[in-house]
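J.: Curious how this folds, go ahead:
(2 chains)
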Protein chains: 2
Amino acid sequence: MPKTFVDKLIQNIKNKNSILCVGLDPQIKYLPRILKQEFQNAYPNKIEAAARCILEFNQKVIDNIFDIAVCVKPQIAFYEQYGSFGLYAFEETIKYAQKKDLMVLADVKRGDGGDTALAYSNTYLGKIETLDQSSLESQLNVDAVTLNISIGSACLDPFIEKIIENQKAVFAVVKTSFKPNSEIENFKLENGQPVWEKIAEFVNQKGEEAIGEKGYQNLGAVIGATYPKEAKIARKLMPKTWFLVPGYGAQGAAAKDAVAGIDQNGRGVIVNSARGITASFLNKDLKSDQGFEKEIRKAAIASRNELNEALK
Amino acid sequence: MPKTFVDKLIQNIKNKNSILCVGLDPQIKYLPRILKQEFQNAYPNKIEAAARCILEFNQKVIDNIFDIAVCVKPQIAFYEQYGSFGLYAFEETIKYAQKKDLMVLADVKRGDGGDTALAYSNTYLGKIETLDQSSLESQLNVDAVTLNISIGSACLDPFIEKIIENQKAVFAVVKTSFKPNSEIENFKLENGQPVWEKIAEFVNQKGEEAIGEKGYQNLGAVIGATYPKEAKIARKLMPKTWFLVPGYGAQGAAAKDAVAGIDQNGRGVIVNSARGITASFLNKDLKSDQGFEKEIRKAAIASRNELNEALK
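T.: Okay, here's the model as predicted:
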């Protein structure tokens, strides 16, 4: 049995022949009409109705992609908007995915320091404290989280401790997929580097504390698919770092751009697609979106295959 | 009636003669024993017990400080650790504080772009969408949020839109209170400035889109109390920006350092104290921490007065 997150990831990628991560980013306009009608009628509380519908939809998605994707990445913002009901849907989505043998990357991009960073690290990768001062895993315990580390190691250190101890990982924001409104990432430093490159070096150095059995670091990096040139620079700066690549599919980037950051072994990248897969049933002229599950499965298979082609 | 957040804040500061913000950052070790015992016995689910105890404690705190403090700042990390139960406690804390005429600053430091930033802005400062595509305020709707904007305007723009429309505010992370592990904030730019100064200029410029009636911007800045020298630089770079200052009290900074960023009118700062107030009953030799409420009120009054002295 592999002993760290990244070694488990490598094994799962091999077993499933897939570097696909499916983004679970539920938005009302991308949910099947048949489910929306059902849950609207079933729950008088509109917030609860939305959250329960999202959970049901996610379970259907997971049922249809669990053997195709290597992991799922729920973006917590789309759950958090429905408050405690939404967080319940998030928790149950995590559990359901893990039961189906999917690794779960919680896209939370938390970015704070001190006791706050410690609390977040306990929540997602460690154990939380109860009133009797015993400790247990939170309902939000996952395999990996994304983090915004722009303050500095104050954001990262409590997580690093837990990575090896609990076979977890962190994907730090290094270069996002946003264009053109990512000005701060691109501020020029005194040596001419943009800020994000220096953060890449910082991640590479910090990752040395969290090396897996095959030499890859369990501190990964978020590298947007819309910046393939930068992905190659990022690979030079972070030769042993695993990249989580958003922006492929509906967000605009092609498969070959999404895998631009692979290393000399043709590894080191997982690629996320959200509504390119989960909203693929729209515009298919399905009556009330009935049969959305099949379209989602087809889109996941197509994305997996397209990414595998691009890796060759 | 004042028309923007910052004008309401100015009026409340005047009415209450206070620039104190009370941080509601519940940690098990800082909760009164008498409450812990009660809730441990009442709820078999340990996560629910913790969340319900936190809510009860917060209500007692609010009952004792609502006329002393101008606002409360719950740090969501300490609620999020208890998942959906924790978020329920967060929601009910917000409602209770608002009923008691306290402004609520949700310390969430979210930092993401695109649809994710839009979802967060809808959640905290706007309206969320329901299954029937109507819209309503979320359970997390507050007066202001903290944000981590280190990607760039992708993080900020959806919030700016809502600031004026809904009389809300954002406090962007500019210079945190962490020492010495805030390396990335301090990376030197090509002109010799640290990154945080350039973010300050960015905030100042963006804030022009959200000016209040008295000329202050409704885009504020988080400026750590532990860096008084930097607070003065920050004031020069952001002359019309309201500062939210953490790090005063238990976190180490003195009152005069906490108000180092005031402007020429002696205004522009609110100062947060969390466990300096909410954990002030510890080490008072109270039996099972009974009577903690009085100690909290005393500490809040002392902090308010100390800050007012420092303003002179």
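
J.: In space, what's closest to residue A:139 - neighbours in sequence excluded?
T.: Closest residue to residue A:139 apart from its sequence neighbours, by CB to CB, 6 or more residues apart in numbering or on different chains: residue B:83 at 3.6 Å. In this view, the C-beta of every residue, glycine as well, is placed from N, C-alpha and C.

J.: again, but for residue A:223
T.: The nearest residue in space to residue A:223 (CB to CB, 6+ apart) is residue A:243, at 4.6 Å.

J.: for residue A:170, same thing?
T.: residue A:159 (5.0 Å).

J.: now swap in residue A:54 and tell me
T.: Closest to residue A:54 by CB to CB, 6+ apart is residue A:26, at 4.3 Å.

J.: what's the spacing between the spatially closest residue to residue A:82 that is not a sequence neighbour and residue A:90?
T.: For residue A:82, ignoring the flanking residues on the chain, the nearest one in space by CB to CB, 6+ apart is residue A:51 at 4.4 Å. Here the criterion is CB to CB, to the nearest Å. By it, residue A:51 lies 9 Å from residue A:90.

J.: Please apply the same query to residue A:102.
T.: 15 Å.

J.: Those two: which has the busier surroundings?
T.: residue A:90 (31 against 23; other CB atoms under 10 Å in any protein chain shown).

J.: pretty sure that one contacts residue A:76?
T.: Yes: if you go by CB atoms under 8 Å, residue A:90 and residue A:76 touch, sitting 6.1 Å apart.

J.: and residue A:106, what are its bridge partners?
T.: residue A:145 (DSSP bridges).

J.: Tell me the buried residues in stretch A:176-189?
T.: A:176-178, A:181-185, A:187 (16 or more other CB atoms under 10 Å in any protein chain shown).

J.: Those residues into CSV, with extra columns for distance to chain B and secondary structure?
T.: Listed next are those as CSV, based on distance: CB to the nearest CB, whole Å; DSSP: H, G, I helix; E, B strand; the rest coil:
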residue, distance to chain B, secondary structure
A:176, 5, coil
A:177, 8, coil
A:178, 4, coil
A:181, 4, coil
A:182, 4, coil
A:183, 4, coil
A:184, 4, helix
A:185, 6, helix
A:187, 6, coil
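
J.: just to revisit the earlier point, please enumerate the shared neighbours of residue A:51 and residue A:90.
T.: residue A:79 (CB atoms under 8 Å, 6 or more residues apart in numbering or on different chains).

J.: Give me the neighbour count for residue A:220.
T.: Residues near residue A:220, counting by other CB under 10 Å: 29.

J.: Could you do residue A:286 as well?
T.: For residue A:286, using other CB under 10 Å, the count is 16.

J.: Then the one 3 residues further on?
T.: Residues contacting residue A:289 under the criterion other CB under 10 Å number 20.

J.: any idea how far residue A:282 is from it?
T.: Counting by CB to CB, the gap from residue A:289 to residue A:282 is 7 Å.

J.: And residue A:243, by the same measure?
T.: Here residue A:243 is placed at a distance of 29 Å from residue A:282 (CB to CB).

J.: which one of those two has more residues nearby?
T.: More neighbours surround residue A:243 than the other of residue A:243 and residue A:282, with 27 against 17 (other CB under 10 Å).

J.: Check the offset of stretch A:159-176 from the chain's centre.
T.: Taking the mean of its C-alpha atoms, stretch A:159-176 sits 12 Å from the chain's own mean (CA atoms, centre = their mean, to the nearest Å).

J.: check contacts around the nearest residue to residue A:299 once chain neighbours are set aside.
T.: Ranked by CB to CB, 6+ apart and with sequence neighbours excluded, the top spatial neighbour of residue A:299 is residue A:280, at 3.6 Å. Shown in contact with residue A:280 (CB under 8 Å, 6+ apart): A:295-296, A:298-299.

J.: Just the buried residues of the helix or strand of chain A with the lowest mean pLDDT, please?
T.: Scoring the helices and strands of chain A by mean pLDDT, DSSP states H and E places helix A:153-165 at the bottom, with a mean of 94. For helix A:153-165, burial by neighbour count (16+ other CB under 10 Å) applies to A:153-164.

J.: Restricting to C-alpha, output the following helix or strand past it in PDB.
T.: Next helix or strand after helix A:153-165 toward the C-terminus (DSSP states H and E): strand A:169-175. The C-alpha trace of strand A:169-175 is given here as PDB (Å, rounded to 0.1, in the frame of the first residue of the first chain):
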ATOM      1  CA  ALA A 169      -2.000  16.800   0.400                       C
ATOM      2  CA  VAL A 170      -2.300  20.500  -0.200                       C
ATOM      3  CA  PHE A 171      -2.500  22.200  -3.600                       C
ATOM      4  CA  ALA A 172      -1.300  25.800  -3.200                       C
ATOM      5  CA  VAL A 173      -2.500  28.500  -5.600                       C
ATOM      6  CA  VAL A 174       0.500  29.400  -7.800                       C
ATOM      7  CA  LYS A 175      -0.900  30.500 -11.100                       C
END
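
J.: partners of strand A:169-175, with directions?
T.: When DSSP bridges is applied, strand A:169-175 pairs with strand A:144-147 (parallel), strand A:217-223 (parallel).

J.: Tell me which residues are up against the longest one.
T.: The reference is to strand A:217-223. So strand A:217-223 is contacted by A:4-6, A:144, A:146, A:156, A:160, A:163-164, A:168-176, A:200, A:203-204, A:206-212, A:230-231, A:234, A:238, A:240-246, A:261 (CB under 8 Å, 6+ apart).

J.: Now the element after it, going C-ward?
T.: Strand A:217-223 is succeeded, C-terminally, by helix A:228-237 (DSSP H and E).

J.: Against which helices or strands is that following helix packed?
T.: Here helix A:228-237 touches strand A:169-175, helix A:195-206, strand A:217-223, strand A:241-245, helix A:255-258, going by 3 or more CB pairs under 8 Å, 6 or more residues apart in numbering or on different chains; DSSP states H and E.

J.: As CSV, the ones you listed with mean pLDDT would be great.
T.: Formatted as CSV, the helices and strands packed on helix A:228-237 follow (pLDDT from 0 to 100):
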stretch, mean pLDDT
strand A:169-175, 97
helix A:195-206, 97
strand A:217-223, 98
strand A:241-245, 98
helix A:255-258, 97
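
J.: Any chance of TSV for those, columns distance to residue B:107?
T.: Below are these laid out as TSV (distance: least, CB to CB, whole Å):
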stretch	distance to residue B:107
strand A:169-175	20
helix A:195-206	23
strand A:217-223	23
strand A:241-245	27
helix A:255-258	35
